[in-house]
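J.: The following block contains a protein sequence and its predicted model.
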Amino acid sequence: MSFDSIDRVTVLGAGNMGHGITEVTAMGGYEVTMRDIEQDLVDDGYEQIAWSLEKLEEKDLLAESADTVLGRIDTTTDLKEAVADADLVIEAAPENLELKHDIFSDLEEFTTEDTLLATNTSSLPISDIAEVLDTPERVLGLHFFNPPVKMDLVEVIYGQETTDEVADAGYEWVESIDKTPIYVRKDVRGFVVNTIVGPFGGEPAFMVSEGEATIRGADATMAHERGYPMGPFELADLTGIDVGYHVRKEGGSPIPPITEEKVEAEELGQKTGKGFYDYANGDGADYQPEDAGDFDWLRVEARMVNRAAFLVGEGVAKPEEVDTGVQLGLGFPEGICRRADKIGLDTVLGKLETLHEETGADRFEPHSYLEDLVEEDKTGEDAGQGFYEYDTDDGALDSYHNINVDLADGVLALELDRPSRMNAISGDLLEEVDDLFSTVDTDDVRCVTIEGVGDRAFSAGADIGGFGGTEPTDMMDVTPAFETVNDFPRPVVAKIDGYCLGAGLELALACDLRLATERSSFGAPEIGLGLIPGGGGTQRLMRVLGETRAKELVFRGNHIDADRAEQWGLVNRAVAREEFDDVVGEFLDDLRTGPPIGLKVAKKVMNEGQDASLEAALAMESQGFGLLFTTEDMREGTAAFAEDREPEFDGK
Ligand SMILES: C/C=C/C(=O)SCCNC(=O)CCNC(=O)[C@H](O)C(C)(C)COP(=O)(O)OP(=O)(O)OC[C@H]1O[C@@H](n2cnc3c(N)ncnc32)[C@H](O)[C@@H]1OP(=O)(O)O
């Protein structure tokens, strides 16, 4: 049983999750059968998929036509027929253990032992579902997030009997449909993501119940100061207060009184018109940035960190997996382990110990893994080690958290890796970019590319979520990192596919060349936030576009499309998505094989010359020209010309 043997997939269930999983499976290139118990349900699911694929096609987000993808999907109501040839079956039926037992018993009968059996449960233990099988080792959890077409994360969960071979096959299959898997190595309640989110909603509810916080104060602080996509009470209203209530009840966790009251009053959130906020007769979640401040956020984050310590300490997940999970599954601004290392694990532990002493409540009892880290002086970033190691002196390119870096064939490829935030540029991300460009060994690099992870954005600008807690002086520090890119002695190419806005545009402007897909859009929307570009944008736009066009972009704050950007000279090329890789490849071939010293001198003279008088700039050029006459590369270039062959430059 291996990933290589997966050709045909069957999804059981045509509801929200079932049809979503079917859609992404077909988008991933697989033949897939979607089965539900009644034809109406199957037809509804199929229509939803057709509608969604059409929308994706309109937005140019599909690699093939919607019809081609739809052509890979079969439907049926017959379970035996649905799974007969399947290599992987994903069950997405309602969360009822008895029902799932019936389904898996049938699966044992109707499939061969080589078929991988997955469940998309979000709340039932995988081992409990698998217990009805004689072959429980081939059962695993594949927990997609809602809606699967938008959410990148999939938790790959081991049941007690699941073999590594089965989990690995599931993991590789998830990668093959372009989703991001994380392993959940033990079958713990809530898996990774829901284990962490529990205290995010629960602790503020206890604090409000105890009169130690207000709903608006909690929401405003968590959203505007701590950068979460929304406040905990707003989130509870969105997902349904009863949902969190039942999860706690079933898990035997204490229920905050305010949550109990809301459920008893049937004020369950947006779906009933009233929850923690009033949606029917009020303005809904109307908290404002000014409401932030008077809320003990550390109490909430300390509890989430304690849960992360449990996951890591018990071998359920690695810190990187926990962090990927909360960023992609919950839209957290950064990983909780990473955040803990920045706060200081001693501070977190101290907070938990104090609360445990004061209240005696079990939920504050520190996990031994956290205690051990602090005991060993691994208290976080300042100490050089916490959940992560921070000793990056070895120049390791894989030591970054917000960017991915790869060096192959002389091309240093950098990805901005915050897809859940449209690759918005946080202080941490910027520091990592600065560090990379300041420390990488330029001898190994012929040229650099910068792009965004995911299919939505190069970068949608500075991370607005982080603005609340940032000092003006920190914000004034943005420009130096962009200068490091601009001054890097090798050509830097921005590969833009999607939004390129604000600080994202400024980063692209700090690059030497900009290549874009036709669907990309560009803008300096800062003025709409009461700001101006602060990463060199006002000045570089003037130089690249001239005053008339630069002022239009900065003053109006609107977006321009890629065609206009090409016409204005903001990008070197705007091409169809299908041609993008080829065009980028052609540029990189020239830069990679060009003379490194020649390119370095050209970049320096052109960058510095534009701010000097013409006389001084011409002098700089002459000096550069003369200097290049002393290089071996110059001799190789002229010899190759004479011998009618391609030159091979060594950078000497
Ligand atoms: C010195 C430099 C200063 C600056 O750069 S200031 C910032 C300038 N940039 C902006 O003002 C752009 C802000 N973003 C947008 O206007 C929109 O987004 C887009 C037009 C790019 C896309 O809109 P849509 O397709 O409706 O997506 P979505 O739901 O708004 O965004 C998806 C997720 O991405 C997060 N996000 C987008 N941009 C930023 C950002 N700049 N900072 C932080 N988060 C951002 C959202 O909040 C959301 O997240 P969730 O799914 O959790 O709600």
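T.: Sure, I can see it.
J.: middle-most residue in the chain, spatially?
T.: Most central in the chain under Cα atoms, centre = their mean is residue 419, positioned 3.5 Å from the mean C-alpha point.
J.: Could you grab the helix/strand/coil label for the closest residue to that residue other than its chain neighbours?
T.: Spatial nearest neighbour of residue 419, chain neighbours left out: residue 454 (3.3 Å); criterion: Cβ to Cβ, 6 or more residues apart in numbering. (Each C-beta comes from the backbone N, C-alpha and C, glycine too.) Of the three states, residue 454 takes coil under DSSP: H, G, I helix; E, B strand; the rest coil.
J.: Specify the helix with the largest residue count in the chain.
T.: Using DSSP state H, we find that the single longest helix of the chain is helix 39-58.
J.: Quick one: residues in contact with that one.
T.: 14-15, 18-19, 22-23, 26-27, 34-36, 62, 65-66, 69-70, 73, 75-77, 149 (Cβ atoms under 8 Å, 6 or more residues apart in numbering).
J.: The ligand contacts on the stretch 351-500 of the chain?
T.: Residues of the stretch 351-500 of the chain found near the ligand (Cβ under 6 Å from any ligand atom) are 421-422, 424, 460-465, 478, 499.
J.: 8 Å instead, please
T.: With the criterion set to Cβ under 8 Å from any ligand atom, the stretch 351-500 of the chain comes near the ligand through 420-422, 424-425, 456-457, 459-467, 475, 478, 499.
J.: Can you say which of those are buried?
T.: Burial by neighbour count, judged by 16 or more other Cβ atoms under 10 Å, picks out 420-422, 424-425, 456-457, 459-463, 465-466, 478, 499 from those.
J.: Just the ones in strands from those residues, please.
T.: Taking DSSP state E as the definition of strands, those contribute 457, 459, 499.
J.: tell me the contacts of the second one?
T.: Contact partners of residue 459, counting by Cβ under 8 Å, 6+ apart, are 416, 422-425, 452, 499-504, 507.
J.: let's go with 7 Å and repeat that
T.: Residues near residue 459 by Cβ atoms under 7 Å, 6 or more residues apart in numbering: 416, 422-425, 452, 500, 503-504, 507.
J.: for residue 448, same thing?
T.: 412, 414, 488, 490, 492-493.
J.: and what of residue 386?
T.: 340-341, 345, 373, 378-380.
J.: For the residues you listed, pick the one with the most neighbours.
T.: residue 340 (30 neighbours; other Cβ atoms under 10 Å).
J.: Isn't residue 491 up against residue 601?
T.: No. Counting by Cβ atoms under 7 Å, residue 491 does not reach residue 601; the two are 11.9 Å apart.
J.: Which one's more surrounded, those two?
T.: The residue with more neighbours, out of residue 491 and residue 601, is residue 491; 24 against 20, by other Cβ under 10 Å.
J.: list the contacts for that one?
T.: So residue 491 contacts 447, 512-513, 591, 599, 603 (Cβ under 7 Å, 6+ apart).
J.: my read: residue 587 touches residue 493, true?
T.: Yes. Using Cβ under 7 Å, residue 587 is in contact with residue 493, at 6.2 Å.
J.: Tell me how far residue 60 lies from residue 572.
T.: Residue 60 sits at a distance of 20 Å from residue 572 (criterion: Cβ to Cβ, to the nearest Å).
J.: Can you show me the strands along the stretch 451-600 of the chain?
T.: 457-459, 492-496, 499-501, 513-517, 521-523, 559-561, 573-575 (DSSP state E, counting those that start in this stretch).
J.: Parallel or antiparallel, which strands does the strand or helix carrying residue 412 pair with?
T.: Assigned by DSSP states H and E, residue 412 belongs to strand 411-416. Strand 411-416 has the following strand partners under DSSP bridges: strand 403-408 (antiparallel), strand 447-452 (parallel).
J.: Mind jotting down where the helices sit in the stretch 1-150 of the chain?
T.: Taking DSSP state H, counting those that start in this stretch, the helices of the stretch 1-150 of the chain run over residues 16-27, 39-58, 66-70, 79-83, 97-110, 126-130.
J.: Need the strands paired with strand 411-416 in TSV (columns: distance to residue 324).
T.: Formatted as TSV, the strands paired with strand 411-416 follow (distance: least, Cβ to Cβ, whole Å):
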stretch	distance to residue 324
strand 403-408	12
strand 447-452	16
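J.: which stretch in those is the model least sure about?
T.: Comparing mean pLDDT across the strands paired with strand 411-416, the weakest is strand 403-408, with a mean of 95.
J.: ok, and for it, which residues are buried?
T.: 403, 405.
J.: and that strand, C-alpha only, in PDB?
T.: Taking C-alpha atoms only, strand 403-408 is exported to PDB below (Å, rounded to 0.1, in the frame of the first residue of the first chain):
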ATOM      1  CA  ILE A 403      10.200  32.400   4.300                       C
ATOM      2  CA  ASN A 404      11.200  29.300   2.500                       C
ATOM      3  CA  VAL A 405      14.600  29.400   0.800                       C
ATOM      4  CA  ASP A 406      16.200  27.000  -1.600                       C
ATOM      5  CA  LEU A 407      19.500  27.300  -3.500                       C
ATOM      6  CA  ALA A 408      19.900  25.200  -6.600                       C
END
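J.: which outside residues touch it?
T.: 397, 412-417, 429, 432-433, 436, 444-445.
J.: where does this protein have its least confident helix or strand?
T.: helix 472-475 (a mean of 65; mean pLDDT, DSSP states H and E).
J.: Need the three-state assignment for the residue of the stretch 101-250 of the chain found nearest the ligand.
T.: Nearest to the ligand in the stretch 101-250 of the chain, going by Cβ to the nearest ligand atom, is residue 229, at a distance of 3.1 Å. Judged by three-state DSSP, the three-state class of residue 229 is coil.
J.: distance of the closest residue to it other than its chain neighbours from the ligand?
T.: Nearest-residue entry for residue 229: residue 331, 4.1 Å, with adjacent residues in sequence omitted and distances by Cβ to Cβ, 6+ apart. Using Cβ to the nearest ligand atom, to the nearest Å, one gets 3 Å for the distance from residue 331 to the ligand.
J.: Now do residue 331 against residue 141, distance only.
T.: Where residue 141 is concerned, residue 331 sits at a distance of 22 Å (Cβ to Cβ).
J.: Which one of the two is surrounded by more residues?
T.: More neighbours surround residue 141 than the other of residue 331 and residue 141, with 27 against 15 (other Cβ under 10 Å).
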